[in-house]
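[1] Curious how this folds, go ahead:
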Amino acid sequence: MFTRLALIITLAASAPAAEWFVAPDGSDRSPGTRAQPFASVRRAQAAATAGDSVILRGGTYRMEESMITRRDRMWAYVILLDKSGSPGKPIRYRAADGEKPVFDFSRVKPAGMRVHAFQVSGSHLHLEGIAVTGVQVTATGHTQSICFSNTGSHNRYERLSMHDGMAIGYYLSRGRDNLVLNCDAWNNHDPASGDRRGGNVDGFGGHPQQGDTGNVFRGCRAWFNADDGFDSISAGESVLFENCWAFHNGFSPDFTSLGDGNGFKAGGYGSTPAKRLPRKIPRHVVTRCLAVGNKSNGFYANHHPGGGDWIHNSALANRRSNYNFLCRDRQNQKDVPGAGHAIRNNLGYKTRTEVSNIDEAACEVAGNLFGSGLGDRDFLSLDTTALTAPRKPDGSLPDIPLMHPAPAGKIVDRGVRLDLPFTSRAPDPGAYEAPAAAAAP
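    Alright, predicted model coming up:
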């Protein structure tokens, strides 16, 4: 009997993963096969178990208020992913190969509620290749809606697009070990609430609670979002921003001035009373990132009471400062020049103020090149039009020459050695290395 039971358990554990299909013209009364797909993600989630894949066929999924899964006080969760996979067996929600599923939420307007288009409270999930557009804001006070909201752990968000709506693109408020990879958020602006300038509409928000470690944004782009490109103002643990681009945030596509407009706002606690500060202030890491033409600062510490790590970043023509390291005093909330930062091998060019609010004696500063003595010829290109170029087939950022060091220019070999690869005698400041053949002899 025990042998038979063990065999049943073994067979169940080794059962092949299932594929469930969803299509705009499907039916939730169908079996969820390729030929007879479901109509809703909700129905597919009910069928899926750990290790399964939900395949989203291309086309437009027109969401309605009747499709809201749960209303909880001020929140309206339209698509609620609350079923978890398991370690090594995530539940995947992905676009069908070569197809583009677009979820249009422009008709979902519950009065006075915060719309969460995809609320992800489950863990061990993988979302890939999904586009969200048209998410609405109906409340008029201090509020926000969200395209993808995460409160789960061990989740992977890949090749997502969040655009042309009133909502934050991606927002993490809880959960650990989540990866946001090769995602784009653009042209998001809330003209309905508050001062109608979209002051809460960031491209990406990383705000984990204390204990929620290991959250990473990698290879993501944010542009023409009303507020900031990337924001960690409320983070209780450190967040890593790596190889991400932020450009033209704080503006509409016609360059009307909107919200704050920082590229990377990696810090917070500016108005938190001293007695409520965390015992351990999170230390964010921003590395190999690019900030171009944002309304305010390219890289901003945002009054953070502890330092951050700013390594190998490039900033071009941000309107206020390319780099602003403003901190606050832990005891009295008074703003002070930035202290405790590690600022290594960064590059800035073509703005009124390259670096502001820094106490260099209280920071680790080395290998940076901020404007002085540089000219246009020191770069392969300063053409920003390719920033929105299509991604590569694998979802990674396009290869463009913007802000790359020119052969034998003044940038090559001017950095300091870190535990990172480089192509010549010494690292080049900024997010990019000159090609090996172009390095100084």
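[2] Distance check, the closest residue in space to Gly270 that isn't next to it in sequence against Ala235.
    Nearest-residue entry for Gly270: His303, 3.0 Å, with adjacent residues in sequence omitted and distances by CB to CB, 6 or more residues apart in numbering. For the C-beta atoms, the positions are set from N, CA and C on the backbone; glycine is no exception. Distance of His303 to Ala235, computed by CB to CB, to the nearest Å: 13 Å.
[3] and what of Gly85?
    For Gly85, the distance to Ala235 equals 26 Å [CB to CB].
[4] and what of Lys89?
    In terms of CB to CB, Lys89 sits 29 Å off from Ala235.
[5] Of those two, which one has the most company?
    Taking other CB atoms under 10 Å, Lys89 and Ala235 do not tie; Ala235 has more neighbours (27 against 14).
[6] In the chain, where is pLDDT below threshold?
    By pLDDT under 70, the low-scoring segments of the chain are 1-15, 194, 198, 436-441.
[7] So which residues of it form helices?
    Ranges of helices within the chain are 2-13, 41-47, based on DSSP state H.
[8] mind listing what Asn249 touches?
    203, 222-229, 261-263, 294-295 (CB atoms under 8 Å, 6 or more residues apart in numbering).
[9] Spatially nearest residue to it (excluding sequence neighbours)?
    Using CB to CB, 6+ apart and skipping residues adjacent in sequence, the residue nearest Asn249 is Gly229, 4.3 Å away.
[10] repeat for Gly129
    Ala95 (3.0 Å).
[11] what's the answer for Leu172, then?
    Asn150 (4.5 Å).
[12] Pull the number of nearby residues for that neighbour.
    Counted with other CB under 10 Å, residues neighbouring Asn150 total 30.
[13] Who does it form a beta bridge with?
    Val120, Leu172 (DSSP bridges).
[14] And it, how close does it get to Arg174?
    7 Å.
[15] got a list of what the residue nearest to Leu397 when sequence neighbours are not counted touches?
    Among residues not flanking Leu397 along the chain, Gly219 sits closest, at 5.6 Å (CB to CB, 6+ apart). Applying CB under 8 Å, 6+ apart to Gly219 gives the contacts Leu181, Asn182, Cys183, Glu242, Asn243, Cys244, Gly395, Ser396, Leu397.
[16] How about the contacts made by the residue lying closest to the third one once chain neighbours are set aside?
    It stands for Cys183. In this structure, Cys183 finds its nearest non-sequential neighbour in Leu160, 4.3 Å apart by CB to CB, 6+ apart. Listed by CB under 8 Å, 6+ apart, the contact set of Leu160 reads Leu127, Glu128, Gly129, Ile130, Ala131, Val132, Phe148, Tyr170, Cys183, Asp184.
[17] that older thread, hey, what's in contact with both of His303 and Ala235?
    Residues touching both His303 and Ala235 (CB under 8 Å, 6+ apart): Gly268.
[18] Now a PyMOL select for only the buried ones of the contacts of Gly219.
    If you want just the buried ones from the contacts of Gly219 in PyMOL, going by 16 or more other CB atoms under 10 Å, the selection is:
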select buried, resi 181+182+183+242+243+244+395+397
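[19] can you pull the buried residues of stretch 232-239?
    Ser232, Ile233, Ala235, Gly236, Glu237, Ser238, Val239.
[20] Okay, and the beta partners of the last one?
    In this case it means Val239. Counting by DSSP bridges, Val239 is bridged to Asn215.
[21] That one touches Ala266, doesn't it?
    Yes: in this structure, Val239 is within contact of Ala266 by CB atoms under 8 Å, at 7.5 Å.
[22] who touches both of these two?
    Common neighbours of Val239 and Ala266 (criterion: CB under 8 Å, 6+ apart): Ser232, His284.
[23] Nearest to Asp104 among the contacts of Gly219?
    Cys183 (18.2 Å; CB to CB).
[24] ok, now which ones touch the closest one?
    Cys183 neighbours (CB under 8 Å, 6+ apart): Tyr157, Glu158, Arg159, Leu160, Ser161, Met162, Gly169, Tyr170, Phe204, Gly219, Cys220, Arg221.
[25] now these in CSV, with distance to Phe370?
    As requested, the contacts of Cys183 are arranged in CSV below (distance: CB to CB, whole Å):
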residue, distance to Phe370
Tyr157, 34
Glu158, 34
Arg159, 34
Leu160, 34
Ser161, 34
Met162, 33
Gly169, 30
Tyr170, 31
Phe204, 26
Gly219, 26
Cys220, 25
Arg221, 24
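[26] Among those residues, which ones are in strands?
    Tyr157, Glu158, Ser161, Met162, Gly169, Tyr170, Phe204, Arg221 (DSSP state E).
[27] State the distance from the fourth one to Ala96.
    If I follow you right, that is Met162. Noted for Met162: a distance of 20 Å to Ala96, by CB to CB.
[28] With neighbour numbers in mind, choose between the two.
    Met162 (29 against 18).
[29] list the contacts for Ala389?
    When contacts are counted by CB under 8 Å, 6+ apart, Ala389 touches Pro398, Ile400.
[30] quick one on the thing from earlier: between the contacts of Leu160, which is nearest Cys327?
    Of the contacts of Leu160, the one sitting nearest to Cys327 (CB to CB) turns out to be Tyr170, at 26.8 Å.
[31] correct me, but the residue nearest to Asn249 touches Gly263?
    Yes: assessed by CB under 8 Å, Gly229 is found in contact with Gly263 at 4.8 Å.
[32] So for these two, which residues contact both of them?
    Ala222, Ala246, Phe247, Asn249, Ala291, Asn294.
[33] Who wins on neighbours among the residues you listed?
    Within the shared contacts of Gly229 and Gly263, neighbour counts (other CB under 10 Å) peak at Asn249, which reaches 37 neighbours.
[34] how about Met113, what does it touch?
    Contacts of Met113 (CB under 8 Å, 6+ apart): Arg71, Met74, Trp75, Ala76, Thr138, Ala139.
[35] Any of those buried? List them.
    The neighbour count (16+ other CB under 10 Å) marks Trp75, Ala76, Thr138, Ala139 as buried among the contacts of Met113.
[36] need those in a markdown table with distance to Asn345, can you?
    Shown next, in a markdown table, are those (distance: CB to CB, whole Å):
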| residue | distance to Asn345 |
| --- | --- |
| Trp75 | 43 |
| Ala76 | 45 |
| Thr138 | 46 |
| Ala139 | 44 |
